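Asks: Next come a sequence and a model predicted from it.
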Amino acid sequence: MHPILGRITAFALSSFVLVSFVASADEFTKNTSRQVQIDVANATLPEVVAALASGWATSVELTQAYLHRINELDRAGPRLNSIIVINPAALRLAQDSDERRRVGEPLSPLDGVPVLLKDNIESKDQMATTAGSLALQDNITGRDSPLVAQLRAAGAIILGKTNLSQWANFRSDYSISGWSSVGGLVKNPHVLDRQACGSSSGSAVAVAAGLAPVAVGTETNGSIICPAQVNGVVGFKPSFGLLPNDFMVPISSTQDTAGPIAKTVSGAALMLDAMTGWDHRFYERLDSNVLKGLRVGVLDFSRNDSPKLNALFDRAIDRIEQAGAIVVRIDHTEPVSPDFWASAGVVLEAEFKELIGRYLSESPAKLPVSSLADLIAFNERYADRELALFGQDVFANALNAPSLDSKGYSQALALIRRTAREKGLDAIMSENDVTVLFAPSGPISPPVDVVNGDVWPAWAGAGAFAAIAGYPNITVPMGFAGGIPLGASFIASADQDALVLSVALAFETAGPGFVAPAYLPTVRID
């Protein structure tokens, strides 16, 4: 038995409610005569692990059940558009897992668990890695990103690829989050006319809607935290460098990272364990009592002017105080350099130009593009599909970005790192003698606007500084406004991932936790 399986099973059994589910026949699944004793719509990752370990469900039954939900909610029903492609080998992989369990040789606690990957992460299955673009619709590389190789070694079932903001939302400043030319527009399952955010919109929506127990997202700046918070799930952006970025469609060599999206903090920790080869024991080290006596810096300056958001955040502060935290209110910080945001743009554009050219030219697949200039020309050639809703101004700017060996790039990188780290988050924690920072995860999700692009309220939170600094950041549900989820974030210094996960678990235990989507057509009047 895997060393943490006993703890997982005990934890799941303590909170698990058995609900019968029978997968019906459809284009993806075959009917099964045995009832699956698990509520796949709401089951957390530890509960799914417990179901497999105890025999309540087989991997084939779970895979069929999730495929059924994908057919009912993503392809039909509200048409969430959260998944681009199903892995044609998913059921075969599930059968292999069931055989391993039958003979008592599971590879890990996650053996047989269906997981979803954002469609900018390569897997060696017969699925293209498209980043949502028609230019990559034939990008079947036959190779696993290292994190996918770890999941495969753990026996996880790669169920499919999730939709995303095209090119991870790095094509235009006037983009529509959650839209790609390959997958269409992802819908928020809580309130269908509201933003699902991005760029990991499909991963967050799929987990919220119970289309898989867990998914992988990626973040350069907010692309895990924002969609997780507006879809009412847990999203964890780990410390930069914890997970390798090989064989992922890139933006930045200094900020890109993958991370887990799950219904619960424990599920995110368990998934992160599998993604890192079980070396860090994130799940095993979870401590829901960690807030007792811990000094937590509340970033009051990171609020916006929304009364609903601020009321929810005030109640969240009360919860961490009641859990034993020593709350330190921080109502101001040093202003950033006027050049900070422009420099941040220079860094991303320079790194993207270099990395995307390398990725396209080195792909084993036969692609119609091999450079950023080729991508721009491709989009112009297929403008009716690619440019119908917004342009490619970011691509054009990146084409003229400085090289990575230029003084302009090195100065810009030094400025933003110093601002986000030493003069930013590190200074705040040191000057206030706090270990963890607490802030809203973002503003209330606005309505989708396909005419004007993303039109968000004044921003809230400090996620951009965590992303640029490369520090861990997690969002946990803190409540609803008009049926729209909102999250709260914990941020700490580099490599404090285990601490951040434990603090988030303590907050989750004291709060509302995951609430299933209501699929409202528009906002509810509170």
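Replies: Alright, I've got the coordinates.
Asks: residues in contact with the closest residue to Leu375 other than its chain neighbours?
Replies: Spatially, and ignoring its direct neighbours in sequence, Leu375 is nearest to Val369 (5.1 Å; CB to CB, 6 or more residues apart in numbering). Heads up, the C-betas are built off the backbone N, CA and C, glycines and all. Taking CB atoms under 8 Å, 6 or more residues apart in numbering, we find Val369 in contact with Ala135, Leu360, Leu375, Ala377, Phe378.
Asks: of all those residues, which comes closest to Ala464?
Replies: Closest approach to Ala464 among those (CB to CB): Leu375, at 25.6 Å.
Asks: what's the neighbour count on that closest one?
Replies: By the measure other CB atoms under 10 Å, the count of residues near Leu375 is 26.
Asks: Go ahead and confirm it touches Ile356.
Replies: Yes. Using CB atoms under 8 Å, Leu375 is in contact with Ile356, at 7.3 Å.
Asks: any idea how far the residue nearest to Gly183 when sequence neighbours are not counted is from Ser177?
Replies: Distances taken as CB to CB, 6+ apart place Asn163 nearest to Gly183, at 3.5 Å, with adjacent residues excluded. Between Asn163 and Ser177 the distance is 11 Å, computed by CB to CB, to the nearest Å.
Asks: More neighbours: which of these two?
Replies: Asn163 (33 against 26).
Asks: That one against Ser82, yeah?
Replies: Yes. Judged on CB under 8 Å, Asn163 makes contact with Ser82 at a distance of 5.6 Å.
Asks: hey, what's in contact with both of these two?
Replies: Val186, Ser201, Gly202.
Asks: show me what contacts the second one?
Replies: If I follow you right, that is Ser201. Contacts for Ser201 were tallied using CB under 8 Å, 6+ apart; they are Ser82, Asn163, Leu164, Ser165, Ser177, Gly178, Val186, Pro227, Asn231.
Asks: Pop out the phi and psi values for the second one.
Replies: Note on Asn163: backbone dihedrals following degrees, to the nearest 10 are phi -70, psi 160.
Asks: Check the fourth one too.
Replies: Here the main-chain torsion angles of Ser165 (degrees, to the nearest 10) amount to phi -60, psi 130.
Asks: and the nearest residue to it once chain neighbours are set aside, helix, strand or coil?
Replies: Using CB to CB, 6+ apart and skipping the chain neighbours, the partner closest in space to Ser165 is Gly198 (3.2 Å). Assigned by DSSP: H, G, I helix; E, B strand; the rest coil, the conformation of Gly198 is coil.
Asks: how far away is Gly198 from Ser445?
Replies: 11 Å.
Asks: Ala204 now?
Replies: Counting by CB to CB - Ala204 and Ser445 are separated by 11 Å.
Asks: so what sits against both of these two?
Replies: Ala196, Cys197, Val230.
Asks: want to try TSV for these, with distance to Asn452 and neighbour count as columns?
Replies: Rendered in TSV, the data for the shared contacts of Ala204 and Ser445 read as follows (distance: CB to CB, whole Å; neighbours: other CB atoms under 10 Å):
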residue	distance to Asn452	neighbour count
Ala196	17	31
Cys197	16	29
Val230	18	33
